[in-house]
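Enquirer: Need the 3D shape of this:
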Amino acid sequence: MAFDIEMIKKVYSQYDERIAAARQVVNKPLTLAEKILYAHLWAGNATEAYERGASYVDFAPDRVAMQDATAQMALLQFMQAGRPKVAVPSTVHCDHLIQARDGAEQDLTRAKNESSEVFNFLSSVSNKYGIGFWKPGAGIIHQVVLENYAFPGGMMIGTDSHTVNAGGLGMVAIGVGGADACDVMAGLPWELKFPKLIGVKLTGKLSGWVAPKDVILKVAGILTVKGGTGAIVEYFGEGAESLSCTGKGTICNMGAEIGATTSTFGYDASMERYLRSTGRADVADAANAIKQHLTADPEVYADPEQYFDQLIEINLSELEPSLNGPFTPDLYTPVSRMREEAEKNGWPLKVEWGLIGSCTNSSYEDLSRAASIAKQAIDKGLVTKAEFGINPGSEQVRYTADRDGLLKTFEDLNATIFTNACGPCIGMWDRAGADKQEKNTIVHSFNRNFAKRADGNPNTYAFVTSPEMVAAIAISGNLGFNPVTDTLVNKNGEQVKLDPPTGDELPSKGFDVEDPGYQAPAVDGSSVTVDVSPTSDRLQLLEPFPAWEGTDLTGLKLLIKAKGKCTTDHISMAGPWLKYRGHLDNISNNMLIGAVNFFNDKTDFVKNQLTEEYAAVPATQRAYKAAGIGSIVVGDENYGEGSSREHAAMEPRHLGVRAVLVKSFARIHETNLKKQGMLGLTFDNKDDYDKIQEDDTIDIIGLTEFAPGKPLTLVLHHADGSQDSILVNHTYNAQQIEWFKAGGALNIIRANQAK
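Expert: Residues are numbered from 1 along each chain as shown. You can find the predicted model right below:
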């Protein structure tokens, strides 16, 4: 029987009534996304139609998922909320704190030793508050969720931007910061601006070397890294129905790379097959009983232009295998043009590593298709030119793949099988030689390829592609290799050609596992003690942030004017810094160290206006804090894209930054800033970015009349005595303004609990 089956049945029992109410107020056929959203209103049945991209709405998510790196801060906040148990089913998954280096057995043992304090903390907190706990090695959060918890028509939030992976099973699953997760676990409504809707109509059918990954790589090339911001992407059409469930998950997973709120597919036969194969026949039966509600109304897909804000059409039969990158996941290049583009742009053609795995592509189907290429290489006498690494998505996938000989095939090709964990995808990769910072190329099946993300080397050119293409290109050792047309020379000097990949959507013998790695919580956790040592450098209990002073903010110093792309990786790096995710003061030493200073094109090197000397960003900000001076950070477009990590908002808040002013925000980061009581502001005139000077002292005027839709004024006091006044906008509603005034949303929860 599935986890939380009674909860799922309850959600489904409300669908008839809630969809009927929604249809009455909207007064037109409904998309799938609209059905799920209206079925999860906090207030119950819909009484009004919400405006896409404008209306703030309270929702009631069905469950919460957290990975270990973000769960630490989420649960430290939850501990302050005063609740005895989580209000909705919740889980913690230990997948981020395991570094890839030697192989699964050694790496997992080392991680358990090095991070035992954190794992023990998460285990005990989960046990106390009724949270399911997945141990280190159990698997990557999003694959484990797809196998165990995702269900068609459900709504889930998770403290990781790739929570959206569950859209492959027909959910509306959305990445959030830990403060949002804390709200939902505490039994409070979760607020979201009602999303716009992008429809992607898929026709035709994949064949040959083309994989589901190529669909989202194409979409990313069309929409760019911010084209989906504030929108749900809904895939439909005969092409969508031809895809496997895990293939759908791959497509939804990388929707985070276009800034989409989430992505989803309507319930179909592939989802039913996956549910039954993963031991959830009861969920499949329940979904079948209301299947008309688990996809859009027929009129929507018959005339999609009338119901979506934007429509994209892709013929799967015309797609070709592709690679996106380097340094950004939206730079789309079909494999047939890669050699030409690489030579033109100076991208190294020699491939050093091929990496398969991550939450994006680590299913049984992914491994089986890539293994079919590896098997061919062995049979045809080819020797792999690049190094090879594999991260299975879960212990269930690993165990089954091992039983069926897939892992042995990779090992026969000298691949290293890493732990069932994120590993290189999130920078947890101790790659030999990376410290030399040599220019090199890697290919991987991950979702992101920002500079320094995988191995810390800014000169690693990383390209995103499908697992089968990773295998082919790693075998060839050449970025420009096109397996559709090109041949390779084997060890006998013969020209051989790789055949298109083959693989099983689901294991023919069924899934199997000895120990999935799950720990159920105590029925009554009231007697469980959670200890955090005051001398720990890994964990630190939280202190409330101070409330707003009630005045305009004056005398703020410019901390940094960030130039170009500034992702959450630039604001709060992962990799070795992950070990401090539960210690706010320690991890604040990485604040904005990856951001490029507009005034000198250097990272982690800004002017301290108190000393007139240049120093690291965190050190400079700590000097301002010690002097009782607030500061402001200025950024470019889509500031805060990437991971959901709220540390990128909490660190500046902790160190005394008062506002972040940018041309535009990524959705999750803007929300995280609001939740922590920060000011997230945007230029009314983007050209005013150019008016910000290195020695500026800045006043924020209008806060005593802070109101929804009412701009604020910034006064820029320049070093030469001149000044500029600029208009800045915000998206705060009345509730979010109360968060700001209280010093953060958690302060309000704590105050209400004390009453």
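Enquirer: Next up, the contacts around the spatially closest residue to L76 that is not a sequence neighbour.
Expert: Residue nearest to L76 in three dimensions, not counting chain neighbours: L542, with 5.1 Å by Cβ to Cβ, 6 or more residues apart in numbering. All C-beta atoms are positioned from the backbone trio N, CA, C, and that covers glycine. L542 makes contacts with 76-77, 80, 584, as judged by Cβ atoms under 8 Å, 6 or more residues apart in numbering.
Enquirer: one more time with 10 Å
Expert: Contacts for L542 were tallied using Cβ atoms under 10 Å, 6 or more residues apart in numbering; they are 73, 76-77, 79-80, 582, 584, 650, 654, 746.
Enquirer: Need the three-state assignment for it.
Expert: coil (DSSP: H, G, I helix; E, B strand; the rest coil).
Enquirer: Please tell me how far it sits from P392.
Expert: 35 Å (Cβ to Cβ, to the nearest Å).
Enquirer: Over to S722?
Expert: In terms of Cβ to Cβ, S722 sits 61 Å off from P392.
Enquirer: Comparing those two, which shows the higher neighbour count?
Expert: Of the pair S722 and P392, P392 is the one with more neighbours under other Cβ atoms under 10 Å, namely 30 against 9.
Enquirer: name the element that one belongs to?
Expert: For P392, there is no host helix or strand (DSSP states H and E).
Enquirer: That one is in contact with A371, isn't it?
Expert: No: contact status for P392 versus A371: not in contact, 11.5 Å apart, counting by Cβ atoms under 10 Å.
Enquirer: which residues are common contacts for those two?
Expert: Shared contacts of P392 and A371 (Cβ under 10 Å, 6+ apart): 356, 401, 406-407.
Enquirer: give me the low-pLDDT residue ranges for this protein?
Expert: Along the chain, the parts satisfying pLDDT under 70 run over 1, 753-755.
Enquirer: now the longest helix seen in the chain, how far from the centre of its chain.
Expert: When the chain is parsed with DSSP state H, its longest helix is helix 364-379. Mean-position distance between helix 364-379 and its chain equals 28 Å (Cα atoms, centre = their mean, to the nearest Å).
Enquirer: And for stretch 240-251?
Expert: Distance, stretch centre to chain centre, for stretch 240-251: 18 Å (Cα atoms, centre = their mean).
Enquirer: Let the chain start at 20 from now.
Expert: In the new count, where the first residue is 20, that last one comes out as stretch 259-270.
Enquirer: Just the C-alpha atoms of it, please, in CSV.
Expert: Extracted C-alpha coordinates of stretch 259-270, given in CSV (Å, rounded to 0.1, in the frame of the first residue of the first chain):
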residue,chain,number,x,y,z
ALA,A,259,3.1,13.8,-24.2
GLU,A,260,1.1,10.6,-23.9
SER,A,261,3.8,8.6,-25.7
LEU,A,262,6.4,9.5,-23.1
SER,A,263,7.3,7.4,-20.0
CYS,A,264,6.4,8.7,-16.6
THR,A,265,10.1,9.1,-15.6
GLY,A,266,10.7,10.9,-19.0
LYS,A,267,7.9,13.3,-18.1
GLY,A,268,9.7,13.8,-14.7
THR,A,269,12.9,14.7,-16.5
ILE,A,270,11.1,17.4,-18.6
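Enquirer: Thank you kindly, that will do.
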